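In: I'll drop the sequence and a predicted model, then ask my questions.
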Amino acid sequence: MTALLLDDVSHSFGDRVALDHLTLDVEPGRVTALIGLNGAGKTTALRALAGRLRPTHGEARILGHNPADLPIDVATRFGHVVDTPLIYPELTVTESLRCSARLHGRPRQAAAPAASAAVGRMGLAPWRHARARTLSMGNRQRLGIACATLHRPTALILDEPTSALDPQGVVLVRELVRELADEGAAVLVSSHHLDEVARVADEIVVLHGGRDVGRLEPGGTDLEQRFFAMVLEADTRNADIRTANARTADTGSLA
Amino acid sequence: MNLRAALAVEALKLRRSTVARIATALLVLLVPLGSVGMVALARSPQPVGPTAAKLADYATGDLATTHLLVCAQVLSVAALAAGGFFVAWSFGRELESGTAGALFGLAVSRGTVALAKCLVALAWIVACVVLTVAVTVAASAVVTAVSGEAFGPEAWAGARNSVVAGVLGSGLALPFAWVATATRSQLGTVGALVGVVSLTQIVVLLGGGSWFPYAAPSLWAGMGGAAAAAAVGLPHLLLAAAVAPVAVAAVVQAWRRLTNV
């Protein structure tokens, strides 16, 4: 069964089209990376998939269910960090993780060990008693990812998970994502870091103008070049379509 | 189990909340101080002119009962204000900062989180009200003992009225949780709170307060004088009390249907 699915999803913010008939699915045990320029629709796609946005057309599914209203047994297997993580500035690192464990359905007795394991896993031990508001941006990002994954989800969405991380943090997140996928989780990651995407993803989807404009193989050293070539081709194709439409309209008005 | 988890999380956030700490200190210290101080001022030779006229109701009568009368009147508005500020923070900041989006797809549903927020806010503000009345009773007992007067059954009735007025004021704060959800703004919610308090003043001035839920507790506590207090009966107070459960139902529903966060 497809674990993460966007089926013919379109969404507009006013006149601006953010997603244009996007179809995307992630199978269990696979890491799919979503790449694109700023404003390509990556975050909107992830928000729709997490249930945070009701798309104007199409539907999203998490483990076969409507993400805006997940049954408890499905929700306990789902994790996401899109934009803002589940972190409150007044809580300490350990408190944030315990709260997250409880909200992900872990019983009270299991929350403390889960939080402790996540602290160790994400290299947050020196800051375990620090308030979240005092953390650096990188450590905040580590904490956010820890909060979203400490229940070992089988469906996971991460939006730019390494954007603020140091090289050590990047490796930690990469290992975590690969480990979860190897355990059978379906992972959808958006990123600008093409090198990182090449290392972690099984499949790369290129999003441009809210549309899926093609797939890239993660291997090889020329990923950046292939990405820009694909984006340029999509722009050229769009320009051609617009020109043809304009000619058709002109011909129609003359007739 | 899920509500219990949400209550634990929201209670921890409340304990760490600067808004709750400041509001607790202001209620528990300033209201008793104001209650005893206003009566002392009213019975001293200092107040003249408009001040004396305003304090005339407190210048006579049983000392302890008057302390608790002032306490009830102040608390009916102060509990509303404190509760309103707290729910503006508790609900509004989730939507302003984006953490509301992180509350999607959890084992604890958004409706349960919203319910827990309301219950924690209500429990906190009611506890503050009870503590405030207890401190006022203690302060009044000390003042009456020093001045050789008795702390009698009427004063205890005044304490009970203070708790009722405060609890009703607390419940009236919960609609602002819905306002915070609708406006997605803490400051917008505080603005609405100020607006409702101002509207209440206008309604009272026009003489239509007893059926207006936001005016009924204060009028019943004697803020509009003895005649206005007598005009407020059980139906008016029940109407004011009904605001809280309606507000909780509305805000839970709004959080269930939340989108575009």
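Out: Noted; the coordinates are in hand.
In: which residues of the stretch 51-200 of chain A lie near chain B?
Out: Residues of the stretch 51-200 of chain A found near chain B (C-beta under 8 Å from any C-beta of the partner chain) are A:51-54, A:62, A:67-68, A:70, A:72, A:75-76, A:78-88, A:90-91, A:95, A:99, A:102-105, A:107-108. Any C-beta I mention is one placed from the backbone N, CA and C, and that applies to glycine too.
In: measure residue A:22 to chain B for me?
Out: Counting by C-beta to the nearest C-beta, to the nearest Å, the gap from residue A:22 to chain B is 17 Å.
In: picking that back up, just the buried subset of the residues of the stretch 51-200 of chain A next to chain B, written out for ChimeraX, thanks.
Out: Only the buried entries of those go into this ChimeraX selection, using 16 or more other C-beta atoms under 10 Å in any protein chain shown:
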select /A:51,52,53,62,67,68,70,75,76,78,79,80,81,82,83,84,85,86,87,88,90,91,95,99,102,103,104,105
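In: quick one: which of the residues of the stretch 51-200 of chain A next to chain B sit in helices?
Out: A:72, A:75, A:95, A:99, A:102-103, A:108 (DSSP state H).
In: in JSON lines, list these along with pLDDT.
Out: Converted to JSON lines, these look like this (pLDDT from 0 to 100):
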{"residue": "A:72", "pLDDT": "96"}
{"residue": "A:75", "pLDDT": "97"}
{"residue": "A:95", "pLDDT": "98"}
{"residue": "A:99", "pLDDT": "98"}
{"residue": "A:102", "pLDDT": "98"}
{"residue": "A:103", "pLDDT": "98"}
{"residue": "A:108", "pLDDT": "94"}
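In: now the two most distant members of these.
Out: Pairwise distances across these (C-beta to C-beta) peak at 23.3 Å, for the pair A:72 and A:95.
In: how many neighbours does residue B:96 have?
Out: Counted by other C-beta atoms under 10 Å in any protein chain shown, the residues lying close to residue B:96 total 17.
In: pretty sure it contacts residue B:185?
Out: Yes: if you go by C-beta atoms under 8 Å, residue B:96 and residue B:185 touch, sitting 6.6 Å apart.
In: how far does the helix or strand hosting residue B:96 sit from its chain's centre?
Out: According to DSSP states H and E, residue B:96 maps onto helix B:63-97. What separates the centre of helix B:63-97 from the centre of its chain is 3 Å, taken as C-alpha atoms, centre = their mean, to the nearest Å.
In: does the helix or strand following it reach chain A?
Out: Beyond helix B:63-97 on the C-terminal side, the first helix or strand identified by DSSP H and E is helix B:99-102. Yes: Helix B:99-102 lies within reach of chain A by C-beta under 8 Å from any C-beta, at B:99, B:101-102.
In: what about those residues, which one has the most neighbours?
Out: residue B:102 (27 neighbours).
In: check contacts around the spatially closest residue to it that is not a sequence neighbour.
Out: Leaving out its chain neighbours, the residue that sits closest to residue B:102 by C-beta to C-beta, 6 or more residues apart in numbering or on different chains is residue A:86, at 3.9 Å. Contacts for residue A:86 (C-beta atoms under 8 Å, 6 or more residues apart in numbering or on different chains) come out as A:96, A:99-100, A:103, A:144, A:147-148, B:99, B:102-103.
In: check contacts around residue B:104.
Out: Counted by C-beta under 8 Å, 6+ apart, residue B:104 has contacts A:50-52, A:67-68, A:80, B:110, B:261.
In: residue B:147 versus residue B:47, what's the distance?
Out: To residue B:147, residue B:47 is 18 Å away according to C-beta to C-beta, to the nearest Å.
In: who has more neighbours out of these two?
Out: More crowded of residue B:47 and residue B:147, by other C-beta under 10 Å: residue B:47, with 18 against 11.
In: list phi and psi for the more buried one.
Out: For residue B:47, the backbone dihedrals (degrees, to the nearest 10) come out as phi -70, psi 130.
In: follow-up on the earlier one: the helix holding residue B:96 close to chain A?
Out: Yes: Helix B:63-97 is in contact with chain A by C-beta under 8 Å from any C-beta, via residue B:97.
In: which other helices and strands contact that helix?
Out: helix B:2-15, helix B:18-25, helix B:31-42, helix B:110-146, helix B:153-171, helix B:175-183, helix B:186-205, helix B:216-220 (3 or more C-beta pairs under 8 Å, 6 or more residues apart in numbering or on different chains; DSSP states H and E).
In: how about these, which one is nearest chain A?
Out: Smallest distance to chain A across the helices and strands packed on helix B:63-97 (C-beta to the nearest C-beta): 4.0 Å, for helix B:2-15.
In: list the buried ones in the closest one?
Out: B:2, B:5-10, B:12-14.
In: equivalent analysis for stretch B:118-131, please.
Out: B:118-122, B:124-126, B:128-129.
In: pLDDT and distance to chain A added to those residues, as CSV?
Out: Shown next, in CSV, are those (pLDDT from 0 to 100; distance: C-beta to the nearest C-beta, whole Å):
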residue, pLDDT, distance to chain A
B:118, 98, 17
B:119, 98, 16
B:120, 98, 13
B:121, 98, 16
B:122, 98, 20
B:124, 98, 15
B:125, 98, 19
B:126, 98, 23
B:128, 98, 19
B:129, 98, 24
